[in-house]
Every structure is written in C-alpha cells, then in structure tokens.
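Student: let me see the structure of the following:
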Amino acid sequence: MPPPPDSVLVEPKHPAKGSHLIYLLMLLITNLAYFLSSLVMSHRTRSLTLRMDSNYVLFVVGSLVVSLIDLKLRNARSVKNTFGWARIEFLGNLFNATFLASLSFSSAVDAVQQVIHLSAHDSDGMQE
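Tutor: The predicted structure follows:
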C-alpha cells in the first residue's frame, strides 16, 4: 500500500510563543486571586476545607511559575543554560510536590487536633 500523499498529512498549527506566555500569565493572575480569596476566607471562617483548597491552589501557582520559567529557558542556548537548567521543570515540580505534601501534613495534624478538641468539648457538655 503506497504512503498517503503529502497533502493529506497536515501539521498541527501551534499558537505563537507569545500566546503561551499570555495564557500562562492569565492563569497565574486568576489562580493568585483565587488563592488569596480562599486563604482570607479560610482564616475568617476557620475552615480546614478552604485552607486545604488554598494550599492546593498555591501548588498550582508554583507549577505555573515553573512553567513560565521553563518557557523562557526552553530554547535559550548559552553558556549559562547548562544541563541543570534544562531540568528546571522537573526540579521545580519536585519542590512543589514536596511543599504540597508538607502543607497537607500540617492540615491533617490540625484536623486531628480539631476532632480531639471537639470530642473533649462534647464530653464536657455531657457531664454537666
């Protein structure tokens, strides 16, 4: 069977590099606004659910920052852009995942403390 003619194979059109940058910046601004509002509301209402959500959004913001750095350094070849800089996306996401795990552990400890304090308050109310 002969290969298909070249007119059938169409290369996908990728947006310009500038549009990737604009898209990432818009996502970053939107996520930062959502993070700040979620963080403020979690402190005002003392909600662990909102605080965990704000922790996750902070992780997403960190991933977007790493993507922006990667987008800037991806095609730059210079003496400063060595082997280590080529792995910035992996290292940045590894740091973000570790940061998210520590925030999640902190929230889990707070949740356990809250459950213990609630059960202590409930048992005090029963004795009166």
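Student: which residues does Leu48 contact?
Tutor: Ser42, Ser107, Asp110, Ala111, Gln114 (Cβ atoms under 8 Å, 6 or more residues apart in numbering). Where C-beta positions appear, they are placed from N, C-alpha and C, glycine not excepted.
Student: most neighbours, which of those?
Tutor: When neighbours are taken as other Cβ atoms under 10 Å, the top entry among the contacts of Leu48 is Ser42 (18 neighbours).
Student: isn't that residue right up against Tyr56?
Tutor: No - if you go by Cβ atoms under 8 Å, Ser42 and Tyr56 don't touch, sitting 11.9 Å apart.
Student: CSV for the contacts of Leu48, including secondary structure and pLDDT?
Tutor: Listed next are the contacts of Leu48 as CSV, based on DSSP: H, G, I helix; E, B strand; the rest coil; pLDDT from 0 to 100:
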residue, secondary structure, pLDDT
Ser42, helix, 91
Ser107, helix, 87
Asp110, helix, 87
Ala111, helix, 87
Gln114, helix, 85
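Student: worst-scoring helix or strand of the chain, pLDDT-wise?
Tutor: None of the helices or strands of the chain scores lower by mean pLDDT, DSSP states H and E than helix 83-86, at a mean of 65.
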